[in-house]
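Q: Make a model of this:
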Amino acid sequence: MRINRIFLSLAVVLTLPPIGYTEEKTLPDRYDTAIGTCYEELKYPYPTAYLNLYTEGQDVRMCFMDVPPTKNANGRSVVLLHGKNFWGAYWLDTIKFLTDRGYRVIVPDQIGFGKSSKPDVHYSLDFLAQNTAGLLDLLQIPKASIVGHSMGGMLGIRFAKLYPGRTESLVLEDPIGLEDYRLSVPPAPLEQLYQQELNTSLEEYRKYVQGYFVHYPPEKAEIFVEPRLRVSLSGDFPRWARAAALTDLMVYQDPVCYEFAEVKVPTLLIVGQEDHTAVGRDRAPVDVRRNLGHVVELARKAATQIPGARLVELANVGHIPHLEAPDQFHQALEDFLRR
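A: Here you go, the predicted structure:
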């Protein structure tokens, strides 16, 4: 039985210097300097703080940014939920866009990701949603709009289902989990996923990250590659890799595609028309792979199942519209939040 007690404490820490990434046309063929498994050396764009949690006999910390509006405060809050291979800092431009328009913006690193702890526990979307609700309790925010990208979209759906009274509206940016991967992708044991995380090469991961985009410079995409490779040089990397494998398993085993009708809050889906992300595609039989990851078709179907949902499709855009097409993404987001 899980014990998950939330301690409402706040510990502000200073952001640290950049990890050394510079935009260069020639990408490095190796990285030699380690970073910690909680990305201690990675600079975030705003001050970070921590929510202390206790789960499965372990004390853990959940990192977050709490960014106030820069002008014309409207009394509304927005929570930005990151994807599986990302962390809160990649929302930089969206944070600025929203705070400039009067919103308070909360950006957590979920447990197991970014600057948060990497415990060996049972991960589930319910667990992440409960922690996110605990963060809102800490910050005394009774209700917020939830914006989730990729895995964050899965979490957003679960959060809206579990906490409809705390969800003002829901925005799903290229969410994964619009299909049940278990129907096409054979299961992988935790040990196999763990070994994959341990042994991923620079070339493999760079190709994987660049596949998220249609028109996005490789040197910019490298900002997501460098921390992943440098953390592999840490002496505590096995802990990081195990947490990553456990969250891989969570995404596969905890589908949300059967919960669309239970979402009772105003919902917007924003998807890139060139997004073909599918969890575990490489494990699926060759003749089945082509049927996976039709994100636009899946989003269209989801929009008919979520009561009153709206759908915005962005042409020539891949898996991360808020980076690849920020103006279009932010315009759609603002129009929806105003309504």
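Q: Contacts only, for Asp93.
A: Neighbouring residues of Asp93 by CB atoms under 8 Å, 6 or more residues apart in numbering: His322, Leu323, Pro326, His330. Using the backbone N, CA and C atoms, a C-beta is placed for each residue, glycine as well.
Q: List just the nearest of those to Ala34.
A: Using CB to CB, Leu323 comes nearest to Ala34 of those, at 26.2 Å.
Q: any chance you could map the strands in the stretch 101-250 of the chain?
A: Under the criterion DSSP state E, counting those that start in this stretch, the stretch 101-250 of the chain contains strands at 104-108, 144-149, 167-173.
Q: Please produce JSON lines containing those strands, extended by distance to Pro227.
A: Compiled in JSON lines, the strands of the stretch 101-250 of the chain are given as follows (distance: least, CB to CB, whole Å):
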{"stretch": "strand 104-108", "distance to Pro227": "17"}
{"stretch": "strand 144-149", "distance to Pro227": "17"}
{"stretch": "strand 167-173", "distance to Pro227": "21"}
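Q: Can you say which of these is packed in most?
A: Most buried of those by mean neighbour count (mean count of other CB atoms under 10 Å) is strand 144-149; its value is a mean of 26.
Q: picking that back up, among the contacts of Asp93, who's most crowded?
A: The residue in the contacts of Asp93 with the most neighbours, by other CB atoms under 10 Å, is Leu323 (24 neighbours).
Q: Please report the distance of that residue from Tyr39.
A: Leu323 sits 19 Å away from Tyr39, going by CB to CB, to the nearest Å.
Q: Pro189 now?
A: 28 Å.
Q: In TSV, list the strands of the stretch 101-250 of the chain along with distance to Phe127 and mean pLDDT.
A: TSV is the format used below for the strands of the stretch 101-250 of the chain (distance: least, CB to CB, whole Å; pLDDT from 0 to 100):
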stretch	distance to Phe127	mean pLDDT
strand 104-108	13	98
strand 144-149	16	98
strand 167-173	18	98
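Q: Gly88: which of these is closest?
A: Nearest of the strands of the stretch 101-250 of the chain to Gly88, taken as CB to CB: strand 104-108 at 4.1 Å.
Q: Would you pull up how far the closest one lies from the middle of the chain?
A: Centroid separation between strand 104-108 and its chain, computed with CA atoms, centre = their mean, to the nearest Å, is 13 Å.
Q: and what of stretch 134-144?
A: Centroid separation between stretch 134-144 and its chain, computed with CA atoms, centre = their mean, is 19 Å.
Q: Could you do stretch 163-173 as well?
A: Centroid separation for stretch 163-173 versus its chain: 16 Å, with CA atoms, centre = their mean.
Q: which helix in this protein runs the most residues?
A: Looking across the chain with DSSP state H, the single longest helix is helix 237-253.
Q: outside of that helix, which residues touch it?
A: 37, 84, 112-113, 118-125, 151, 154, 176-177, 181-182, 185, 187-188, 190, 193-194, 196-198, 231-232, 234, 279-280.
Q: Among these, name the buried ones.
A: Buried by 16 or more other CB atoms under 10 Å: 37, 84, 112-113, 118-119, 121, 123-125, 151, 154, 176-177, 181, 185, 188, 193-194, 196-197, 231-232, 234, 279-280, out of those.
Q: Of the contacts of helix 237-253, which belong to helices?
A: Counting by DSSP H, these place Leu125, Met151, Met154, Leu190, Leu193, Tyr194, Gln196, Glu197, Leu198, Val231 in helices.
Q: Distance to Phe336 and pLDDT for those residues - can I get that in TSV?
A: Formatted as TSV, the entries for the ones in helices among the contacts of helix 237-253 read as follows, by distance: CB to CB, whole Å; pLDDT from 0 to 100:
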residue	distance to Phe336	pLDDT
Leu125	23	98
Met151	21	98
Met154	19	98
Leu190	38	98
Leu193	36	97
Tyr194	39	98
Gln196	37	97
Glu197	36	97
Leu198	41	98
Val231	35	98
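Q: and of those, the nearest to Leu268?
A: With CB to CB as the yardstick, the closest approach to Leu268 among these comes from Met154, at 15.8 Å.
Q: Tell me if I'm right that that closest one and Ile146 touch.
A: No: judged on CB atoms under 8 Å, Met154 makes no contact with Ile146 at a distance of 11.7 Å.
Q: For the strand of greatest length in the chain, buried residues please.
A: Within the chain, and with DSSP state E defining each element, the longest strand by residue count is strand 58-67. By neighbour count with 16+ other CB under 10 Å, strand 58-67 contains the buried residues Val60, Arg61, Met62, Cys63, Phe64, Met65, Asp66, Val67.
Q: Between Pro189 and Tyr39, tell me which one has more neighbours.
A: Using other CB under 10 Å as the criterion, Pro189 and Tyr39 rank with Tyr39 on top: 23 against 10.
Q: pretty sure the more buried one contacts Gly88?
A: No: Tyr39 is beyond contact range of Gly88, at 10.3 Å (criterion: CB under 8 Å).
Q: Identify the contacts common to these two.
A: Listed as contacting both Tyr39 and Gly88 by CB under 8 Å, 6+ apart are Gly114, Lys115.
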